[in-house]
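Peer 1: Sequence first, then the predicted structure:
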Amino acid sequence: MKEKEYIYKFNLVTANIFSIVIFILLIALTVFWISLQSSGLTGSVEFMFFLPLMLGYLCLHEFLHGVGYVIGGAKPKNVYFGIALEKGILYCLCRQEISKKGILISLQMPFMVIGVITYIIGMLTHNMMLVTLSICNLVGASMDMAMFNYIARLKDVRYSETDANDEFVLVSKEDLTKRKSLFLTLKEVKPYNKKDFEFKKIKRITISKISWVFIILLLLISLLPIIMEFI
């Protein structure tokens, strides 16, 4: 059987419902753990400071995806980053074909490093800010892990991005039309063409104009208490 390109689109409705369930379970787990301890979490999560920290944590999430791509065999020059807050996304694109091992490493990097590991550290050190950031990251990584679970069960497959932020391509000789997922919709199947993965050069980091406005507002909000001290 010849190789084919299977183009997938994320099922965002199902993914969002799944994220909410994960969020509730993590909060319940955290509260249960705290109830077993003699002392609870310390520190407060100030809203004004939390939003910039959360944005930074999400940027770190995407950076770790990039690190995972490189560890998995991608060339650093083919890894790109972007922020499009008007679409509600930050993204990392690997504009080359990579192996199954490569995509699995990339998918699990943010989940493990600034999700599971930092959550455990936050709980053990009673750091409320770190626990909160880790929970938000774990919720945000729910689609990553859904993809991880789907791709890990496939035998012969390669991965590639498309120019769309909510799509990706799997190249395989296996008939993937029989493989179903609640979180992914198979958009198109076509014969493999190597030219489909010859991407045009783009900026290493792309930040939309609206994203710049949002980032500046976040910084101003976080600095507002300091500014008020001098008024």
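Peer 2: That came in fine, so what should we check first? Numbers count the residues shown, from 1 in each chain.
Peer 1: With adjacent residues omitted, what lies nearest to the residue nearest the centre of the chain?
Peer 2: Note on the chain: the residue nearest the mean C-alpha position is residue 141, at 4.9 Å, using CA atoms, centre = their mean. Once flanking residues are discounted, residue 141 sits nearest to residue 111: 4.2 Å by CB to CB, 6 or more residues apart in numbering. Every residue, glycine included, has its C-beta placed from N, CA and C.
Peer 1: Which secondary structure element is home to the one you found?
Peer 2: Secondary structure assigned from DSSP states H and E places residue 111 in helix 100-111.
Peer 1: Quick one: mean pLDDT over that helix.
Peer 2: This predicted structure assigns helix 100-111 an average pLDDT of 96.
Peer 1: Could you check how far that helix is from the centre of its chain?
Peer 2: In terms of CA atoms, centre = their mean, to the nearest Å, the gap separating the centre of helix 100-111 from the centre of its chain is 11 Å.
Peer 1: One more: stretch 66-75?
Peer 2: When distances are taken as CA atoms, centre = their mean, stretch 66-75 is centred 15 Å away from the chain's centroid.
Peer 1: Other residues contacting that stretch?
Peer 2: For stretch 66-75, contacts defined as CB atoms under 8 Å, 6 or more residues apart in numbering pick out 76, 79, 81, 92, 94, 96, 98-99, 101-109.
Peer 1: got the buried residues for it?
Peer 2: Buried positions in stretch 66-75, judged by neighbour count with 16 or more other CB atoms under 10 Å: 66-70, 72, 74.
Peer 1: quick one on the thing from earlier: report the inter-axis angle for the very next helix or strand once past the helix holding residue 111 versus helix 100-111.
Peer 2: Note on helix 100-111: by DSSP H and E, the next helix or strand toward the C-terminus is helix 117-124. Taking axes from the mean of the first three to the mean of the last three CA atoms, to 10 degrees, helix 117-124 and helix 100-111 form an angle of 30 degrees between their directions.
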